[in-house]
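1. sequence isn't available, so here's the structure alone:
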């Protein structure tokens, strides 16, 4: 399994999760876990996803999500899980 | 499993606090490129570097995108060219031809600096070393990506004062040769004592002869991250302060370790070391001086600065050492003046002087770095500054360095703009009393005794 972490941060609005999930489904990306909260009107979401079966390469997914974030008005980052694991776990 | 807060913390470090991997540097041995003609050496160098590091820039960009961490610089360090060119170079211009070849290669490969136009002369100078050193002003004037360094002393050998005297003149000549760009050639020239073989940071990077054929060394950064972490412990005890720095340094270094291992795997080049340095940039908030301020020092240079810096440097190492399997290079907080907005401010308002900077270099890496001084400073005074700094390194068994820029046509009160990561700087005043008779003595300062510590 190739796990990555998608973070979405920005002003809350209708349909953020729907749009992100639709994009992921189109790219054959399976969602393993979702955590989401609203802090002072700001939307914070983290998804752990499996990118083993993606049809495009990883870089395209990263920029695709970036573009999607721009169209919704939030910042979406897709990063390989290791950077978080290494930083926060011994 | 990673939780939301941890994910957000990592994102914040990268987006707001300027966390990045400062450099992925591939060290390449050019010992097998020695030949009997300069043309043949250049051909072999071209082949060796292209084969070894041809994919460096692309690979680093891929890693950067996949992990979402900026990798600011892709660099190459090579075997000191005075050794590589010794068999064929008979005049300084021969060495300049090698410099031009290296410069072309750096541009072709998308590498912003290539280090190793160097000579190691801590005890004595070969003819080849002398020719290379003499070629430095022209080599730096006619190239844009080449970095040059000269190691003039070590704890084991003492200080080669003939080299120190020569380097004072060479720095002045380099300033003159690049006078039309505010003597910017000197920003790519550093004089070292106890130079490490595996330093990934410019201008002092070279691939030492103790190193393997090729190796990946990574320099991390992150002053902004440390500063942000310290904002939450204002007024707390030293214990809390130190723990916070250590934890932050650990996190920063782990990112460097991850990138280094990934680059090593993808390029098929062994991983060498992580350099645990807090390397500032002129970007606001990416400043070591700001960390000192956060620790409680009004302005960098005020009383207490040296102690605060010693504390910072030590905690960064303590946190970083556990995060990486191999640590090396310079490993310490950098205090370049022109590359750190907080340092620039401190120098401009008179809080920070060259003498205080010298004291600060006793407790951190790496030395008097990126300091602009008046263009009419005599060569012997430049040599005197080098000798002082080398003495600190020699006696304290640490790396020290001098990268000063006597800016032609400018004097105290003026300022100079180097652009990009090199930043801008006020011209700092230099002590006007001379040391000519000291510098004109020949020979070397003997190695220090290491008993009777005081």
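-> Ah, there it is. If you're wondering where the values come from, they're calculated on a predicted model, not measured in any experiment. Numbering: from 1, shown residues only, chains lettered A, B, ... in the order given.
2. the stretch 351-454 of chain B: strands as residue ranges?
-> Assigned strands in the stretch 351-454 of chain B, in chain order: B:367-374, B:400-407, B:415-417, B:424-426, B:444-445 (criterion: DSSP state E, counting those that start in this stretch).
3. need the contact list for the residue in the stretch 1-150 of chain B that chain A sits nearest to.
-> Nearest residue of the stretch 1-150 of chain B to chain A: residue B:68, at 3.6 Å (CB to the nearest CB). Just so you know, the C-beta spots here come from the backbone N, C-alpha and C atoms, and that holds for glycine as well. By CB atoms under 8 Å, 6 or more residues apart in numbering or on different chains, the contact list for residue B:68 reads A:62, A:77-80, A:83, B:14.
4. neighbour count and secondary structure added to those residues, as a markdown table?
-> Written out in a markdown table, the entries for the contacts of residue B:68 read as follows (neighbours: other CB atoms under 10 Å in any protein chain shown; DSSP: H, G, I helix; E, B strand; the rest coil):
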| residue | neighbour count | secondary structure |
| --- | --- | --- |
| A:62 | 19 | helix |
| A:77 | 20 | strand |
| A:78 | 26 | strand |
| A:79 | 21 | strand |
| A:80 | 22 | strand |
| A:83 | 24 | helix |
| B:14 | 20 | helix |
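5. returning to that earlier point: which one of the strands of the stretch 351-454 of chain B lies nearest to chain A?
-> Comparison of the strands of the stretch 351-454 of chain B against chain A by CB to the nearest CB identifies strand B:367-374 as nearest, at 28.8 Å.
6. what's the closest one packed up against?
-> In terms of contacts (3 or more CB pairs under 8 Å, 6 or more residues apart in numbering or on different chains; DSSP states H and E), strand B:367-374 is packed against helix B:354-360, helix B:379-396, strand B:400-407, strand B:424-426.
7. just give me how far the shortest one sits from the chain centre.
-> Pointing back at strand B:424-426 there. Distance of strand B:424-426 from its chain centroid, counting by CA atoms, centre = their mean, to the nearest Å, is 18 Å.
8. repeat for the third one
-> The chain centroid and the centroid of strand B:400-407 are separated by 11 Å under CA atoms, centre = their mean.
9. can you name every helix or strand that it contacts?
-> helix B:161-177, strand B:189-193, strand B:367-374, helix B:379-396.
10. return the list of strands paired to that strand, each annotated with direction.
-> With DSSP bridges as the test, strand B:400-407 is paired with strand B:189-193 (antiparallel), strand B:367-374 (parallel).
11. state the distance from residue B:438 to chain A.
-> Residue B:438 is 50 Å from chain A, where distance means CB to the nearest CB, to the nearest Å.
12. count the residues that sit near that residue.
-> A count of neighbours around residue B:438, defined by other CB atoms under 10 Å in any protein chain shown, yields 13.
13. how about the one residue in chain A that gets nearest to chain B, what does it touch?
-> Among the residues of chain A, residue A:79 lies closest to chain B, at 3.6 Å counting by CB to the nearest CB. Listed by CB under 8 Å, 6+ apart, the contact set of residue A:79 reads A:4-5, A:7, B:66-69.
14. cutoff 7 Å now
-> Contacts for residue A:79 (CB atoms under 7 Å, 6 or more residues apart in numbering or on different chains) come out as A:4-5, B:67-68.
15. got CSV for those residues, with pLDDT too?
-> Output for the contacts of residue A:79, formatted as CSV (pLDDT from 0 to 100):
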residue, pLDDT
A:4, 94
A:5, 95
B:67, 93
B:68, 92
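16. which among those end up buried?
-> A:4-5, B:67-68 (16 or more other CB atoms under 10 Å in any protein chain shown).
17. taking these one by one, which sit in helices?
-> Those of the buried ones among the contacts of residue A:79 mapping onto helices are residue B:67, per DSSP state H.
18. turn the buried ones among the contacts of residue A:79 into JSON lines, columns for distance to residue A:43.
-> Formatted as JSON lines, the buried ones among the contacts of residue A:79 follow (distance: CB to CB, whole Å):
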{"residue": "A:4", "distance to residue A:43": "20"}
{"residue": "A:5", "distance to residue A:43": "16"}
{"residue": "B:67", "distance to residue A:43": "24"}
{"residue": "B:68", "distance to residue A:43": "19"}
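19. and which of the buried ones among the contacts of residue A:79 is nearest residue B:365?
-> residue B:67 (26.8 Å; CB to CB).
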